[in-house]
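Asks: the sequence and its predicted three-dimensional model are supplied below.
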Amino acid sequence: MGDIYKLITLRPEVSGERIDKYISAESDLTRNSAAILIKDGNCIVNGRSVNKNYKLRIGDLVELNIPLPKDIDLIPENIPLDIVFEDDDMIVVNKPQGMVVHPAHGHFSGTLVNALLYHCKDSLSGINGELRPGIVHRIDMNTSGLLMVAKNDFAHVRLASQIKEHNIKREYEAIVSGNLRQDGKIENPIGRDPKDRKKMAVTEKNSKTAVTHYHVIENFKNAAYLKVSLETGRTHQIRVHMAYIGHPVLGDNVYGSGKPKSLDGQCLHAKTIGFVHPRSGEYLEFSNELPDYFKNLLDDLRKPF
């Protein structure tokens, strides 16, 4: 068994929609994963098995069983870590662009957690479960920069509390599409995109408060270099908010600006993090250098036309 969902299709717009597409939208599964579940008999419509081509009708009762994941043995991997700070309670690491933070479907090796398991051995907090040891907060795979990691549950609870109370200082630097002539503040709630549940969006439905501040460092012909700070920490917050005001982060294929040839992901870097140490109570703040991909793009943008 696993997670069981019972969905009654009442919205007129789902009439005639394929069952695999509908399940993907309602459950956050990929369409291919939904098709596999259907093929394996984990989807029942009105008490009967269907195939992935089944077209929904208003009032259909869809019962979906998402099996529990198989046990996964996380393997420590000798992957170099850029450690900015470390003691017996925690680590601050500089994650490179392209590295996944913790194992998930399609990424069970090469993650930050695999590297941490090698470096820390058994000294990581267990609050977030076996797939996310030590992970207090995350940044996207294609975002680079600073992350806090807890070595024990004592530290994890206290760091997580600071995040919940919005007491962590988090400053990013980004290059976005278009020019911004003055600093600004974006106060728009973020939730699942009602049209695509794999994305986030500014929406009033099932959303949470989100506040982003940005400061213009430099403008170029068709781009702007910003410092961005967060009051809240919603999924994809900076990417969603900047796209919402018409200035998506360069290289962000999900939220809208396309990908310059020099980028493998969005040009977004978590540059500064400040927090109260969970045991000593001392305020600590760390900043790092911009990564090469970011500096190279800045150099390109600064070249005379």
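Replies: Everything's here; your move.
Asks: and the helices in the stretch 201-305 of the chain, which stretches?
Replies: 237-244, 292-302 (DSSP state H, counting those that start in this stretch).
Asks: ranking the ones you listed by mean pLDDT, which is last?
Replies: In terms of average pLDDT, helix 292-302 trails the rest of those, at a mean of 94.
Asks: which helices and strands does that one pack with?
Replies: strand 169-177, strand 223-230 (3 or more CB pairs under 8 Å, 6 or more residues apart in numbering; DSSP states H and E). Placement of C-beta: from N, CA and C, glycine included.
Asks: Ile245: which of these is closest?
Replies: With distances scored as CB to CB, the stretch of those nearest to Ile245 is strand 169-177 (9.3 Å).
Asks: other residues contacting that closest one?
Replies: 145, 217, 222-230, 233, 238, 242, 247-250, 256-257, 266-275, 285, 287, 290, 294, 297-298, 301 (CB atoms under 8 Å, 6 or more residues apart in numbering).
Asks: pull out the buried positions in whichever helix or strand comes after it.
Replies: For strand 169-177, the following helix or strand on the C-terminal side (DSSP states H and E) is strand 184-187. Using 16 or more other CB atoms under 10 Å as the test for burial, strand 184-187 gives Ile186.
Asks: tell me the most buried of the helices and strands packed on helix 292-302?
Replies: strand 169-177 (a mean of 22; mean count of other CB atoms under 10 Å).
Asks: that one to helix 237-244, inter-axis angle?
Replies: When axes from the mean of the first three to the mean of the last three CA atoms, to 10 degrees is applied, the directions of strand 169-177 and helix 237-244 differ by 40 degrees.
Asks: Arg192 sits in which helix or strand?
Replies: Using DSSP H and E, Arg192 maps to strand 190-193.
Asks: flag every buried residue along that strand.
Replies: The neighbour-count check on strand 190-193 (16+ other CB under 10 Å) flags Ile190, Gly191, Arg192, Asp193 as buried.
Asks: next: stretch 149-160.
Replies: Buried residues in stretch 149-160, defined by neighbour count with 16+ other CB under 10 Å: Val149, Ala150, Lys151, Asn152, Ala155, His156, Arg158, Leu159, Ala160.
Asks: rewinding a little: out of the buried residues of strand 190-193, the closest to Arg18 would be?
Replies: Among those, Asp193 lies closest to Arg18 (CB to CB), at 19.5 Å.
Asks: state the distance from the closest one to Leu290.
Replies: 30 Å (CB to CB, to the nearest Å).
Asks: please apply the same query to Asn179.
Replies: Distance, Asn179 to Leu290, using CB to CB: 21 Å.
Asks: count the residues that sit near Lys295.
Replies: Residues lying near Lys295 (other CB atoms under 10 Å) number 11.
Asks: my error: substitute Ala115 in the last question.
Replies: If you count neighbours by other CB under 10 Å, Ala115 ends up with 19.
Asks: nearest spatial neighbour of it, skipping sequence neighbours?
Replies: Counting by CB to CB, 6 or more residues apart in numbering, the nearest residue to Ala115 once its immediate chain neighbours are dropped is Ile79, at 3.8 Å.
Asks: secondary structure element holding the one you found?
Replies: Using DSSP H and E, Ile79 falls within no helix or strand.
Asks: kindly list the main-chain dihedrals of it?
Replies: Here is the backbone geometry of Ile79 (degrees, to the nearest 10): phi -100, psi 130.
Asks: which SSE is immediately downstream of the least confident helix or strand in the chain by mean pLDDT?
Replies: None of the helices or strands of the chain scores lower by mean pLDDT, DSSP states H and E than strand 2-8, at a mean of 53. Using DSSP H and E, the next helix or strand after strand 2-8 towards the C-terminus is helix 19-27.
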